[in-house]
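> Quick one, fold the following:
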Amino acid sequence: MKLNRVLLLTAIVAVAGALTWNLLKRNDFGGSAQIHGGQITATYRSEPKSFNRLVSARAAEELVSRLTEGRLVRVNRLTEEIQPWLAREWTTSSDGLVCTLKLRQGVLFSDGAPFTSADVLFTFQALYDPVVASPLASALLIGGKPLAVRAVDDHTVVLTFPGPYGSGLSILDSLPILPRHKLEAAFKSGSFRDAWSMTTPPADIVGLGPFALQEYVPGQRLVFGRNTHYWRRDDRGAALPYLDRIELQIVPEQNAELLRLQSGDADLTTTEIRPEDIATLQPLVEQQRLQLVTAGVSATPDGLWFNLTSGAASVAGRSWLQRVELRRAVSLAIDRTAIVNTVFLGAAEPVWTSVTSSHGEWYLADLPRPARDVAQAKSLLASIGLTDRDGNGLLEDATGKPARFSIVTQKGHTIRERTVTMIQAQLKQVGLTVDTIAVDPGALFKSYTERSYDAMYFVAPADSTDPSRNQDFWLSSGSFHYWNAEQKTPATAWEKTVDDLMRQQSTTIDQAERRRLFAEAQRTMAAETPLICIAAPRVIVAMSARLRGATPTVLQPLVLWNADTLSVTSALAASRR
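The predicted model follows:
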C-alpha cells in the first residue's frame, strides 16, 4: 500500500510538471493576446485591518497596496531589476549617496488630483514620524538612520542616503506613495493611524496604482475597479490596466478555495496550491480550463518560534520556554523528512532557516543541517531541568509541573495545521506536551502584537531575496523580528551581533563582502535557533486558462504583483465582467 502511494505521488508530480510546460508553450503564457475588458476573481485567506499601508504591515494590506498604490521604483519580481515607475529616471552622485529622481509629469491620483514631489515628501514625513510609528520604517532605515528627502521642484526629488547602501534604490519598492491632499489633515491632527480605516468610504481611498477600491464587504470581498487615471501604457501605447475589475474574495479555508477554483468561480488563488490538490485539478488542466505553473521553491517558508519577549505574562513560571536549549532540542526532535513526505507529499525541501535556495547568492549551502536526533534532544532538555520525574513518559520541570506549551497557527490553512499536528506528535516522543491552537488570521495577529502566546507557527516574511530589504525581520528593532519584535536595544548579545552584521552588509557596496557578512549573520541565527523552519514547498500556482500575462514568482503576491498587465482571453472576457 505504501509503495503504491509513493508511485502515485511521483506520477502526480511528474504529470503536473509536464502539463505546466505544455501550457506554457500552448497558451502563450507571456500574454501577447492581451485585450481590454473583463474581470478576474481571486481568493485570499484574510482581509485587511486598515487601508493605510503605513500603519499596518500585514500581507493583506500589502496586497491591497500593490493593487491601488504606486512606488517611485519597482523591483521586477522575476528579474530583480530596478524599474522606473513614478520616477521616470534618476542620477546618482559619484559616492552613491545622493540620488536625484525625475518624477513623471501628468500623473494623476485615482481621484484626478495631480501627483507631485509634495506627495513624496509627505509620504516620507509620515513614514518616519514617531507618532505614526509605521511598521515599514524599520525596513527603510540605513544603518539605523532615515533617508533625507527634499524637493527641487514639483517633479524633482533628491534622496540623500545617510551612508552607503548595497541594495540602492530597490529600497523604494517597499514604500507606496500616499496622497497628501487626502491624508495631510489627519497627519497634522495626530489621527493618521486612524485614517483610511475599514469604515472609510472606498471613494475616499485614492492612489496611484492600476486599480481603485470600489467596494468592501467585511468577511466577503474587496472589489477593485480600473483606475482610469493610471499612467502606464503598454509597448503599443495602449492604456493599462487591461482588466476592468478584480474581485478579491475572502475565503479563509483552503478546501473552500479549491472548490471555487474547480467550479470556475475563482480564476486564481493568491497563494500556492497544496500538493494533494494536483490530482484533483489535473482533469481541468487536461480540459484546458486551468493552468498549473511551478514558480520555484518558496522564498518564504513557514517557521516555528517561541515568545522570547522579556517578562511576557504568557510564559511566566516557565523560564525554560525561552532557553536556547529548548529551541535546539525542538529542532532536533522534528523529523523534517517525514513532514515533507506526509504533509507536502514530497513537493518541498527540508529547511532549517528562512533563507531557502530561492534566495540565490544569499543561500548558504554549507549551513549545518542536523538530522533528527531524539537522544540528543532529550539530553538538551534534561540540561535545563526537564526530565520525566514520575515515569509517565512525559517531562516535568524542576517544580514537577508538566513541560507543556501551546503552538498557535492559522485556522483553515491545512498545510500549517497538519504540520503543527505532526510537530505535536514528534515532540511527544521526546516528552514535551504540546497543545495546538488554530485561530483565524485576525486573532493570530492579535496574539502576536500583544505577545500573548507561547509559540507560533506562521510564515517567515521576505519582501525580496536581498537581505537588506528584509531588515524588519533580521534587526532586533524590526516589526517582524518575530520572537521579540521592536526592541529598543538588543535583548541579547547574539541579537546585537546580528544587528551589527546586518547593518554592515546593508551599508557596503562590495557584493562579496555583503555575502560574507550575511553568511555570518545566518550562522549566528542558526546557532541560536530563534526561528525553526521545516520545509520550503514547491510553489505551484493554479490559474484559469483564460488568464494572460501572468508571471508567477516565489514571492507574494505570486501573480497579482503585475496586475496591470494581466488580461483575459477575448472569448471569455465578456462572460466574466
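
> least trustworthy helix or strand in the protein by mean pLDDT?
When each helix and strand of the chain is scored by mean pLDDT, DSSP states H and E, helix 2-26 comes last, with a mean of 41.

> Following the chain onward from that one, which element is next?
Using DSSP states H and E, the helix or strand that follows helix 2-26 towards the C-terminus is strand 39-44.

> Run me through the strand neighbours of that next one, direction for each.
Strand 39-44 has its sheet partners listed here by DSSP bridges as strand 245-250 (parallel), strand 268-269 (parallel).

> Format these as CSV; extra columns: mean pLDDT, distance to residue 200 and mean neighbour count.
For the C-beta atoms, the positions are set from N, CA and C on the backbone; glycine is no exception. Compiled in CSV, those are given as follows (pLDDT from 0 to 100; distance: least, CB to CB, whole Å; neighbours: other CB atoms under 10 Å):
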stretch, mean pLDDT, distance to residue 200, mean neighbour count
strand 245-250, 97, 17, 20
strand 268-269, 92, 27, 25
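
> In TSV, list these along with distance to residue 205.
Below are the strands paired with strand 39-44 laid out as TSV (distance: least, CB to CB, whole Å):
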stretch	distance to residue 205
strand 245-250	14
strand 268-269	24
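
> Out of these, which is closest to residue 370?
Of all the strands paired with strand 39-44, strand 268-269 sits nearest to residue 370, with 34.7 Å by CB to CB.

> low-confidence ranges in the protein?
Along the chain, segments meeting pLDDT under 70 span 1-34, 570-577.

> Torsion angles phi and psi at the most centrally placed residue in the chain?
Closest residue to the average C-alpha location of the chain: residue 461 at 4.6 Å, with CA atoms, centre = their mean. Backbone torsions of residue 461, given as degrees, to the nearest 10, read phi -70, psi 150.

> And residue 227, by the same measure?
Torsion angles, degrees, to the nearest 10, at residue 227: phi -80, psi 110.

> Wait, it touches residue 210, no?
Yes: the pair residue 227 / residue 210 is scored as a contact, 5.7 Å apart, by CB atoms under 8 Å.

> Restricting to C-alpha, output stretch 375-387 in CSV.
Provided in CSV are the C-alpha atoms of stretch 375-387 (Å, rounded to 0.1, in the frame of the first residue of the first chain):
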residue,chain,number,x,y,z
ALA,A,375,18.5,11.2,22.1
GLN,A,376,20.4,14.5,21.7
ALA,A,377,17.1,16.4,22.0
LYS,A,378,16.3,14.6,25.3
SER,A,379,19.8,15.4,26.6
LEU,A,380,19.4,19.1,25.8
LEU,A,381,16.0,19.1,27.6
ALA,A,382,17.5,17.4,30.6
SER,A,383,20.2,20.1,30.8
ILE,A,384,17.6,22.7,31.5
GLY,A,385,15.8,20.6,34.1
LEU,A,386,13.1,19.0,32.0
THR,A,387,13.1,15.3,32.9
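
> residues of it that come out buried?
376-378, 380-381, 384-387 (16 or more other CB atoms under 10 Å).
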